[in-house]
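*Asks:* I'll drop the sequence and a predicted model, then ask my questions.
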Amino acid sequence: MAFKDRHKEEKILDVDAAMSGSLTFRDPVNLRINGKFEGTLETRGTLVIGPSAIVKANLIGDDIIVAGRIKGDILAKQRLTLLPTAVVEAELRTAKLIVSEGAVLEGTCHMLNDNLSAEEVAKYLEVELASILEWAGSGRIPAVKESDHWKFERKAIEEWISAGKVK
């Protein structure tokens with residue numbers, strides 16, 4: 001029973017068309033692009049670039065799986081997976097990188113560390129830096145103070161967001 005309920009809440013978008021522009025998904029969604037896309041795309045959840053997809057865009061997502069062609073910058077907050085048919089020309093920033101044999105990668109890769117600064121958390125949550133510092137000081141957000149700076153563990157922040165504690 002719980003299995004069916006979970007699937008009712010799961011949001012899946014399967015795009016098999018040519019699109020351009022700027023798209024932002026604030027809620028987690030499983031998005032699959034099978035056609036052409038140009039512009040910028042920011043999503044939460046899983047983003048799949050299908051084997052027939054041609055993407056010229058800057059991508060931001062949690063878990064990004066690439067089987068098609070991409071040219072642009074990619075920020076994968078949790079994981080970036082390049083499947084054997086992937087052809088990627090990009091500057092990559094990711095916490096984890098999986099490159100399958102046969103995948104083509106041209107560009108640079110920067111591995112994200114597991115800790116975020118107050119500025120990075122403010123930008124990620126789209127709130128003022130002062131709010132983040134106030135929340136950290138009052139214990140409303142998971143943080144550790146080291147010297148004069150607050151440190152935020154990426155996983156703890158993700159869990160905090162998933163629990164709906166950000167307001």
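*Replies:* Great, that's in hand. Please read these numbers as outputs of a predicted model, since none were measured by experiment. Residues are numbered from 1 along each chain as shown.

*Asks:* just the pLDDT for Tyr124.
*Replies:* As predicted, Tyr124 sits at a pLDDT of 82.

*Asks:* if I look at it, how far off is Glu134?
*Replies:* 17 Å (CB to CB, to the nearest Å). C-beta here means a position set from N, CA and C on the backbone, and glycine is covered the same way.

*Asks:* for the lengthiest strand in the chain, list the C-alpha coordinates in CSV.
*Replies:* Secondary structure of the chain read by DSSP state E shows that its longest strand is strand 18-33. Provided in CSV are the C-alpha atoms of strand 18-33 (Å, rounded to 0.1, in the frame of the first residue of the first chain):
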residue,chain,number,x,y,z
ALA,A,18,12.9,21.0,-28.6
MET,A,19,12.8,23.6,-25.9
SER,A,20,14.8,26.7,-25.0
GLY,A,21,14.8,29.1,-22.1
SER,A,22,15.3,29.1,-18.4
LEU,A,23,13.5,26.4,-16.3
THR,A,24,13.5,26.1,-12.5
PHE,A,25,11.8,23.4,-10.5
ARG,A,26,11.7,24.2,-6.8
ASP,A,27,10.1,20.9,-5.7
PRO,A,28,11.8,17.5,-6.3
VAL,A,29,10.9,16.1,-9.7
ASN,A,30,12.2,13.3,-11.9
LEU,A,31,12.9,15.0,-15.2
ARG,A,32,14.0,13.2,-18.4
ILE,A,33,15.1,15.1,-21.5
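
*Asks:* who has more neighbours out of Tyr124 and Glu134?
*Replies:* Taking other CB atoms under 10 Å, Tyr124 and Glu134 do not tie; Tyr124 has more neighbours (17 against 12).

*Asks:* for the more buried one, what is the enclosing helix or strand?
*Replies:* Taking DSSP states H and E as the criterion, Tyr124 maps to helix 118-125.

*Asks:* for the helix or strand following that helix, packing partners?
*Replies:* On the C-terminal side of helix 118-125, the nearest following helix or strand under DSSP H and E is helix 129-138. Secondary-structure packing of helix 129-138 (3 or more CB pairs under 8 Å, 6 or more residues apart in numbering; DSSP states H and E): helix 118-125, strand 149-153.

*Asks:* buried set for the first one?
*Replies:* Right, the one you point to is helix 118-125. Buried positions in helix 118-125, judged by neighbour count with 16 or more other CB atoms under 10 Å: Ala118, Val121, Ala122, Tyr124, Leu125.

*Asks:* the last one is in contact with Ala118, isn't it?
*Replies:* Which is Leu125. No. In terms of CB atoms under 8 Å, Leu125 does not count as a neighbour of Ala118; the distance is 10.7 Å.
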